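Enquirer: 3D, please:
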Amino acid sequence: MAALTPASVKAIARLRAYRPPPTQYYNLPLTRRAAVLILLFADRAGDLRVVLTMRASTLKTYAGQAALPGGKADSLSETPFDTARREAYEEIGLPLSDAKLPPPFRIEHLCQLPANLARTELGVRPCVAFLSANPTPASSSTATGYPSATVPSIEGTLIPRLDPKEVAAVFTAPFRNFLRKADELPRRSSSASAEQGPGVEPAGLPAEWYRGGWTDWHESRWRMHNFYVPVAGQTVTKPRPKISRPSPPEEADPLDGLTRFRVFGMTARILVDAARVAYDEEPEFEHNSHFGDEDMIGWLLKIGRLTERKGEKDELTRDHLRKAAKI
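Expert: All right, here's what the predicted structure looks like:
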């Protein structure tokens with residue numbers, strides 16, 4: 001793992017110093033609490049990348065979609081970071097403590113971002129962490145405090161152990177690029193082979209990095225981001241097949257042959273906001289200026305929404321939202 005670039009050093013420092021506004025997360029009942037992990041690490045050039053998953057196609061919600069590792073809280077005493085770390089362990093095998101990480105790696109909890117309201121009416125707290133090499137004495141370190149000697153790559157050392165019931169694949173994306181309208185690097189020339197780079201896409205998939213548009217949601221105008229992350233030139237980890245007696249042939253993997261994975265919805269918005277904080281700059285594309293949904297969660301709590309249990313007739317309506325916005 002290379003030493004961090006100056007821009008990456010500053011990004012980590014800003015995230016470490018970030019203090020979010022008061023949150024409504026702890027006013028939510030347990031059944032409405034969730035957290036996700038924004039796990040950052042330095043690539044071989046010293047730029048920051050973020051770990052993402054493709055959800056299993058068998059899940060009841062957001063099946064087959066890109067997501068950050070995460071899920072629902074187990075108890076009221078569990079912090080959002082504890083929830084995010086536990087879920088990352090269950091989904092991709094990320095160890096729960098530094099002592100169980102292969103040396104010389106460690107994980108630093110940098111900050112938490114404002115809670116987002118998912119379409120399933122969960123309050124989702126993003127937790128940002130940095131996976132790095134352990135510091136060494138100043139005499140043998142770079143200015144960033146990390147070893148100047150060659151350190152094993154994250155992808156090559158921390159091979160995820162995926163839960164096939166929840167995760168279909170693990171991949172990574174360039175973190176700063178969630179502020180950009182185009183790929184971070186010029187697209188390489190390519191043939192039809194996915195192994196030669198992200199230049200050629202299967203029919204029907206866009207070849208560019210970003211597409212976006214405005215939509216109405218919760219009585220507000222919302223920018224919907226769609227990022228198409230090149231994966232042909234990186235390691236995409238999938239669940240290992242179990243060795244057992246012969247079984248019926250499985251259906252074809254819908255991810256096979258794709259050279260880009262689509263990241264959109266709340267996951268995309270969280271990554272845009274995290275990158276805005278980290279790099280202290282605004283995106284090249286149009287976006288919502290506020291971070292998270294703390295105000296909206298507060299309004300809905302005041303009118304009696306987001307209760308412990310959600311009934312079949314408890315769907316959020318425009319009348320609910322208009323009433324909440326007036327409080």
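Enquirer: helices or strands next to the helix of greatest length in the chain in the packing?
Expert: Longest helix of the chain, by residue count under DSSP state H: helix 265-279. In terms of contacts (3 or more C-beta pairs under 8 Å, 6 or more residues apart in numbering; DSSP states H and E), helix 265-279 is packed against helix 6-17, strand 33-42, strand 48-55, strand 116-117, strand 123-133, strand 220-230. To be clear about C-beta, it is placed using only N, CA and C from the backbone, and glycine gets the same treatment.
Enquirer: With distance to residue 89 added, can I get the ones you listed in TSV?
Expert: As requested, the helices and strands packed on helix 265-279 are exported to TSV (distance: least, C-beta to C-beta, whole Å):
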stretch	distance to residue 89
helix 6-17	22
strand 33-42	10
strand 48-55	13
strand 116-117	22
strand 123-133	13
strand 220-230	24
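Enquirer: Now tabulate these in TSV and tack on mean pLDDT and distance to residue 274.
Expert: Converted to TSV, the helices and strands packed on helix 265-279 look like this (pLDDT from 0 to 100; distance: least, C-beta to C-beta, whole Å):
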stretch	mean pLDDT	distance to residue 274
helix 6-17	97	8
strand 33-42	96	5
strand 48-55	91	8
strand 116-117	94	11
strand 123-133	94	6
strand 220-230	89	13
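Enquirer: of those, which approaches residue 184 most closely?
Expert: Among these, strand 220-230 comes nearest to residue 184, with 9.3 Å by C-beta to C-beta.
Enquirer: Output the contacting helices and strands for that closest one.
Expert: Contact here means 3+ C-beta pairs under 8 Å, 6+ apart; on that basis strand 220-230 packs against strand 167-174, strand 210-217, strand 260-264, helix 265-279.
Enquirer: Kindly reformat those as CSV containing mean pLDDT.
Expert: Below are the helices and strands packed on strand 220-230 laid out as CSV (pLDDT from 0 to 100):
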stretch, mean pLDDT
strand 167-174, 88
strand 210-217, 87
strand 260-264, 92
helix 265-279, 97
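Enquirer: out of the ones you listed, nearest to residue 37?
Expert: Nearest to residue 37, of all the helices and strands packed on strand 220-230, is helix 265-279, at 10.7 Å by C-beta to C-beta.
Enquirer: Could you identify the helix or strand that succeeds that closest one?
Expert: Scanning forward in sequence from helix 265-279 by DSSP states H and E, the next helix or strand is helix 294-302.
Enquirer: rewinding a little: wait, which of the helices and strands packed on strand 220-230 is closest to residue 68?
Expert: Nearest to residue 68, of all the helices and strands packed on strand 220-230, is helix 265-279, at 5.8 Å by C-beta to C-beta.
Enquirer: chain center to that closest one: distance?
Expert: Relative to its parent chain, helix 265-279 has a centroid offset of 9 Å by C-alpha atoms, centre = their mean, to the nearest Å.
Enquirer: Can you dump the C-alpha atoms of that helix in CSV for me?
Expert: C-alpha atoms of helix 265-279 as CSV (Å, rounded to 0.1, in the frame of the first residue of the first chain):
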residue,chain,number,x,y,z
GLY,A,265,-30.1,5.7,-4.8
MET,A,266,-29.3,6.3,-1.1
THR,A,267,-25.9,4.6,-1.4
ALA,A,268,-24.8,7.0,-4.1
ARG,A,269,-26.1,10.0,-2.2
ILE,A,270,-24.2,9.0,1.0
LEU,A,271,-21.0,8.6,-1.0
VAL,A,272,-21.5,12.0,-2.6
ASP,A,273,-22.0,13.6,0.8
ALA,A,274,-19.0,11.8,2.3
ALA,A,275,-16.8,12.9,-0.5
ARG,A,276,-18.0,16.5,-0.1
VAL,A,277,-16.9,16.5,3.5
ALA,A,278,-13.6,14.7,2.8
TYR,A,279,-12.4,16.9,-0.1
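Enquirer: With residue 298 as the reference, measure out to the residue nearest the centre of the chain.
Expert: Nearest to the centroid of the C-alpha atoms of the chain, with distances taken as C-alpha atoms, centre = their mean, sits residue 68, at 3.2 Å. Applying C-beta to C-beta, to the nearest Å, one obtains 24 Å for the distance of residue 68 from residue 298.
Enquirer: likewise residue 52?
Expert: Residue 52 is 29 Å from residue 298, by C-beta to C-beta.
Enquirer: out of the two, which sits in the more crowded spot?
Expert: Using other C-beta atoms under 10 Å, the more surrounded residue of residue 52 and residue 298 is residue 52, with 22 against 17.
Enquirer: Who are the contact partners of that one?
Expert: Contact analysis of residue 52 by C-beta atoms under 8 Å, 6 or more residues apart in numbering lists 66, 67, 68, 170, 171, 172, 173, 229, 261, 263, 267.
Enquirer: And the buried ones among those residues, selectable in PyMOL?
Expert: The PyMOL command for the buried members of the contacts of residue 52 (criterion: 16 or more other C-beta atoms under 10 Å) is given here:
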select buried, resi 66+67+68+170+171+172+173+229+261+263+267
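Enquirer: Pipe the contacts of residue 52 into TSV and attach distance to residue 116 per row.
Expert: Formatted as TSV, those follow (distance: C-beta to C-beta, whole Å):
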residue	distance to residue 116
66	15
67	13
68	11
170	22
171	22
172	22
173	19
229	20
261	21
263	15
267	10
